[in-house]
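S.K.: Provided below are the primary sequence and the corresponding predicted coordinates.
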Amino acid sequence: MATAKLKAAPAPAAAAGAPPPKKSKMLLIVIAVVVVALAGGGGGAWLFLRAKSHDAPPAEHAAPVKKPPVFVTLEPFVVNLIPENGDHYLQIGLVYQVIDDKAVDSMKSFMPVIRNKILMLLSSKRPSEIATPEGKQKLVEELVMAARQSVPGATPERGIESAMLSAMVIQ
C-alpha cells in the first residue's frame, strides 16, 4: 500500500518578505478617513463663509429702511348735524397719520385751529351725507384737507398723510 504523503502548502507571500496585509489595510483606512475629514471640513467652511457673505446684501442693493408710521389721536368730537326728520348728532373719533414727530409738534401747536375747522365741517353735514361708505370716505378726505389748511407750511400736505375714523356714531 502506498502511503500518502502530505504535501506542504506553499509558503504565503509574507514569508517572501512582503509586509503583512493587515497593516497595509489599516494604513489605507486611516489615510482615507483623514482625507474625507479634511474635505468635509473644508467644504463646510466654504459653505459657511459663502452663506455669511450672501446674508447681507451690498449697500447699493439694500432696501430702504421704512420708518414706522406716526399717528396723532384727537379727542372725540360730538356735534349736532343739520336736521333731517328730527335732530341728529354725530360722535366721531379721528386719528391722523403724519410723516414724522415734527409734524406732530406742528399739529399740537395748531390744535385749536384744527379742532375748530373740524367742528365747523362736521356740523355742516346731514346724516344722509355721511351714512354711506362713499359719504364716509368723502368725509375723511375733507377732514384731511381741513387739518392741512389749519397748519401752515411750505408743502400742501404739511406733514399730514391721511386720516382714519376710530369711532363714528350717528343718532
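M.R.: Structure's in. What do you need?
S.K.: Could you list every helix and strand in contact with whatever helix or strand residue 142 lives in?
M.R.: Assessed by DSSP states H and E, residue 142 sits inside helix 133-150. Contact here means 3 or more C-beta pairs under 8 Å, 6 or more residues apart in numbering; DSSP states H and E; on that basis helix 133-150 packs against strand 89-98, helix 111-123, helix 127-130, strand 160-170. The C-beta positions use only the backbone N, C-alpha and C, and glycine is treated the same way.
S.K.: low pLDDT regions in the chain?
M.R.: By pLDDT under 70, the low-scoring segments of the chain are 1-23, 52-63.
S.K.: Show me it divided up by domain.
M.R.: Following automatic domain parsing, one finds the domains of the chain at 23-58, 70-170.
S.K.: Looking at the ones you listed, which one is packed in the most?
M.R.: domain 70-170 (a mean of 15; mean count of other C-beta atoms under 10 Å).
S.K.: about what we covered before: and the domains of the chain as JSON lines, adding distance to residue 64?
M.R.: Shown next, in JSON lines, are those (distance: least, C-beta to C-beta, whole Å):
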{"stretch": "domain 23-58", "distance to residue 64": "12"}
{"stretch": "domain 70-170", "distance to residue 64": "15"}
